[in-house]
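J.: output the structure for:
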Amino acid sequence: MTSRNFSIETIGIVGTGAMGRGIAQIAALAGLSVRLYDTNPTAIGAARDYLAETFAKLTAKGKLDQARSLAALANVSGAQSIADLAGCDLVIEAIVEKLDVKQALFRELETVVSGRCVLASNTSSLSITAIAAGCTDPSRVVGYHFFNPVPLMKVVEVIDGLRSDPAAGDALMALARRMGHTPVRAKDMPGFIVNHAGRGMNTEGLRIAGEGVASFADIDRIMREQAGFRLGPFELLDLTALDVSHPVMESIYHQFYEEPRFTPSPITGTRLAGGLLGRKTGEGFYRYEDGKQQVSAEAPAPTDLPKAVWISKRYPQAREAVAQLATQAGVTLDEGVTPAADSLIVVTPFGHDATTAAVDEALDASRVVAVDTLFPLVGARRRTLMTTPATTRAARDTAHALLAADGVPVTVIRDSTGFVAQRVVATIVNIGCDIAQKQIATPADIDLAVTLGLGYPRGPLALGDALGATTILTILRNLSSVLGEPRYRPSPWLARRAQLGLSLTQGDAADIQTETQQ
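T.: Numbers count the residues shown, from 1 in each chain. Next comes the predicted model:
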C-alpha cells in the first residue's frame, strides 16, 4: 500500500445530530470549510441555526469575538445531496450505529469524492475494518471518534483499520490538533481505548451492587470521595443514560467473545426495560427533580468508642495507618499476639473479604471488622468499614465510631471480596494494562484518553503506579483465589512489571531503546 499525502481544508459531515453539530462547530471555528448533509433536509437548516445561536452565545459571553463568530458561521453550508460533497477532502459520518447503513453510505461516497478524500467514521463501537470492507478503497477509511459534547470533550480517538493508510490517520491527528482537540491513536479493537477502559468502573460497580454489598449511592460515595473519582459508576451511568451505555456494554462483551472482564449486569438490562434511563428521564439509579440528583442524607455516626483495638499485623503499613487513627481517638492499642477478650479486632485485607481474613488468622469473627487502606486514611474524605456475616452490632458500631472520630464520613458495607474501591480500581488498572499488552494504544495514549475521555483523576496505568503495581497484583490474585473467576486474572503487563519493579507506563526496554536510537 502506497501512502498518500492528505491535505484537509474542506470537511463534509453526514448526520446533523448532536455529534455532527459538535464536530461542525470546532471545525468551523478552526477555519475549515464545512458542508453539512442529512437525509432529512430540514435537519440541515436546524443544525446551521443551532450553530448560529451557539456562536452568538459564545460572543455574548466574551468567549468569541464578533468577527470570528461571523467567519465561523460563514464557513458552514448545507449540502442538498451526497453529490454536493464531491469537493471535500474529508467526510465524517455521524449517523446511526448500524454497520450495514454505514457501509452503504461509504460505498455511495466513494462514487462521489476524489481519491484523496479521507472517509472517517465517528462510530463508538463498530469495527473500522468492517465498515471499510464494503469500500473499493478501504485504505482511506479511518475511525475518528469524538465524545459528546464535542466542544467540551477535548479528546478524539483516531482508529486505524487493518487496511487504513497510516497517512490518513496522520492527517486526522494533525486536524484534531488544529481544531483544539487532543488526538490519541488506537488499533481497531472493540471499544477502542476509552469505551474499552471504561468497562472497569461500570461493570465492577454493577457486580458489587448485584452482590448486595452496598447501595448504589454508597458505592458512588466511596468511588468519589475515597478513591477520588469525579463520578461514581451509577452517577456516570445516569449521566450517559442506559439506552446508550447498556448496548455498548453488551456490544463490547460480545465482540470480545464473552470475555469475563466485560460481563454486563442484568441490573442495567432490567432498568432499561423499565425506562429508568437516567437524568434525561428524571429517574435512573437516582431520582432527579429540576435536574438535581436526590440522595438521602447519611445517618449520623455512632459515638461510643471501643475500649481497646487489636489490629492485624498481616500488612504492617496498613496496621500503622489504623493504629494512628486509634491513637488520635484515644483508644488503647491491644499489642497482644492474639486479641484480648474485650478488644475490637481490625483486619486490613487486600483483595480478600473480612471472613477470609478472620479465618486465615483464626480470629473471632463476631468481633472482626475490616478497614480499606488502599487509599490513605489520614486526610481522607471517606473511609470504608466492612463486616463479616458474624460481626455483632456492637463491634460494627464501635468500629464505625473509631473511624469517624475525627469527623470523616464512614461507609459501612457488607462482606465483599476486595471492598468496593479495591475491586473497582484494580479492575480499571488491570483492563488498562491489558490494552497496553495488546498494543491497542501506547501507554501514554491510554492514560491520556482515559483522563480526558472519562475524567478519571489518573489514567489506569498511572493510577496503578501511584497505588503500587504489586498491591494491585495482590488484590487481583486474592480476588481470583476467593471468587474463582477468570474476570480477575491479572494482565501479563501488570504481573511482569510488578515482579520486575517496573512502571506500568513503561514499554519494553528494548523497544524504548530502539525508539530513542531512531
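J.: only C-alpha atoms from now on, for both contacts and neighbour counts.
T.: Noted.
J.: and the residue nearest to Arg383 when sequence neighbours are not counted, how many residues sit next to it?
T.: Leaving aside its sequence neighbours, Arg383 sits nearest to Val410 (CA to CA, 6 or more residues apart in numbering; 4.8 Å). Neighbour count of Val410, defined by other CA atoms under 10 Å: 25.
J.: measure Val410 to Ile311 for me?
T.: Per CA to CA, to the nearest Å, Val410 is found 18 Å from Ile311.
J.: tell me where the stretch 401-518 of the chain has strands.
T.: Counting by DSSP state E, counting those that start in this stretch, the stretch 401-518 of the chain has these strands, from start to end: 410-413.
J.: so where is it shaky, pLDDT-wise?
T.: Residues of the stretch 401-518 of the chain that meet the criterion pLDDT under 70 lie in 512-518.
J.: repeat that for the chain.
T.: Within the chain, the stretches with pLDDT under 70 are 1-3, 512-518.
J.: which helix runs longest in it?
T.: Longest helix in the chain by number of residues, with DSSP state H as the criterion: helix 41-60.
J.: quick one: distance of the helix or strand following it to the chain centre.
T.: Next helix or strand after helix 41-60 toward the C-terminus (DSSP states H and E): helix 66-74. Distance of helix 66-74 from its chain centroid, counting by CA atoms, centre = their mean, to the nearest Å, is 36 Å.
J.: report the angle between helix 66-74 and helix 41-60.
T.: Orientation check (axes from the mean of the first three to the mean of the last three CA atoms, to 10 degrees): helix 66-74 against helix 41-60 gives 170 degrees.
J.: residue contacts, the spatially most central residue of the chain?
T.: For the chain, Gly198 is the residue whose C-alpha lies nearest the centre (CA atoms, centre = their mean; 3.1 Å). Listed by CA atoms under 8 Å, 6 or more residues apart in numbering, the contact partners of Gly198 are 428, 450, 454.
J.: what is the burial count for the closest residue to the first one other than its chain neighbours?
T.: The shortest distance from Ile428 to any residue other than its chain neighbours is 4.4 Å, reached at Gly200 (CA to CA, 6+ apart). Number of residues near Gly200 (other CA under 10 Å) recorded here: 25.
J.: which stretches of the stretch 51-200 of the chain form strands?
T.: Under the criterion DSSP E, counting those that start in this stretch, the stretch 51-200 of the chain contains strands at 76-78, 90-93, 118-121, 141-146, 155-160, 182-187.
J.: nearest to Arg496, of these?
T.: Smallest distance to Arg496 across the strands of the stretch 51-200 of the chain (CA to CA): 23.1 Å, for strand 182-187.
J.: check contacts around Leu467.
T.: With CA under 8 Å, 6+ apart, Leu467 has these contacts: 374-375.
J.: let me fix that: Ala227
T.: So Ala227 contacts 375, 421 (CA under 8 Å, 6+ apart).
J.: so Leu237 is in which element?
T.: Going by DSSP H and E, Leu237 is part of helix 233-240.
J.: ok, now Ile23?
T.: Residue-wise, Ile23 maps onto helix 18-29 under DSSP H and E.
J.: what does that helix contact?
T.: Applying CA under 8 Å, 6+ apart, the set of residues contacting helix 18-29 is 13-14, 33-34, 36, 47, 51, 68-69, 71-73, 75-76, 93-94, 146-151, 179-180.
J.: swap in stretch 285-305?
T.: Residues outside stretch 285-305 that contact it (CA under 8 Å, 6+ apart): 216-217, 234-235, 238, 276, 278-279, 282, 331, 397-402, 404-405, 409-410.
J.: list the buried ones in that stretch?
T.: For stretch 285-305, burial by neighbour count (16 or more other CA atoms under 10 Å) applies to 285-288, 293, 301, 305.
J.: Serialize those residues to CSV and add fields for distance to Phe229.
T.: Formatted as CSV, the buried residues of stretch 285-305 follow (distance: CA to CA, whole Å):
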residue, distance to Phe229
Phe285, 18
Tyr286, 18
Arg287, 21
Tyr288, 21
Gln293, 17
Ala301, 24
Leu305, 31
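J.: any chance of the residues you listed in JSON lines, plus secondary structure and distance to Leu467?
T.: Listed next are the buried residues of stretch 285-305 as JSON lines, based on DSSP: H, G, I helix; E, B strand; the rest coil; distance: CA to CA, whole Å:
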{"residue": "Phe285", "secondary structure": "coil", "distance to Leu467": "30"}
{"residue": "Tyr286", "secondary structure": "coil", "distance to Leu467": "31"}
{"residue": "Arg287", "secondary structure": "strand", "distance to Leu467": "34"}
{"residue": "Tyr288", "secondary structure": "strand", "distance to Leu467": "35"}
{"residue": "Gln293", "secondary structure": "strand", "distance to Leu467": "31"}
{"residue": "Ala301", "secondary structure": "coil", "distance to Leu467": "29"}
{"residue": "Leu305", "secondary structure": "coil", "distance to Leu467": "30"}
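J.: from the residues you listed, which two are the most distant?
T.: Greatest spacing in these, by CA to CA: Tyr288 and Leu305 (37.7 Å).
J.: need the outlier residue of the chain, farthest from its centre.
T.: In the chain, the residue most distant from the centre (CA atoms, centre = their mean) is Ala341, at 45.8 Å.
J.: count the residues that sit near the closest residue to Asp38 other than its chain neighbours.
T.: Excluding the flanking residues, the one nearest Asp38 by CA to CA, 6+ apart is Gly15, at 5.0 Å. Gly15 is flanked by 22 other residues according to other CA under 10 Å.
J.: kindly report the same for Arg177.
T.: Neighbourhood size, Arg177 [other CA under 10 Å]: 15.
J.: distance of it from Met189?
T.: To Met189, Arg177 is 23 Å away according to CA to CA.
J.: picking that back up, turn the strands of the stretch 51-200 of the chain into CSV, including distance to Gly507.
T.: Shown next, in CSV, are the strands of the stretch 51-200 of the chain (distance: least, CA to CA, whole Å):
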stretch, distance to Gly507
strand 76-78, 43
strand 90-93, 33
strand 118-121, 30
strand 141-146, 25
strand 155-160, 21
strand 182-187, 16
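J.: among these, which is nearest Gly351?
T.: Within these, the stretch nearest Gly351 is strand 182-187; the backing value is 31.6 Å (CA to CA).
J.: what packs against that closest one?
T.: If you count contacts as 3 or more CA pairs under 8 Å, 6 or more residues apart in numbering; DSSP states H and E, strand 182-187 packs onto strand 155-160, helix 166-178, helix 443-454.
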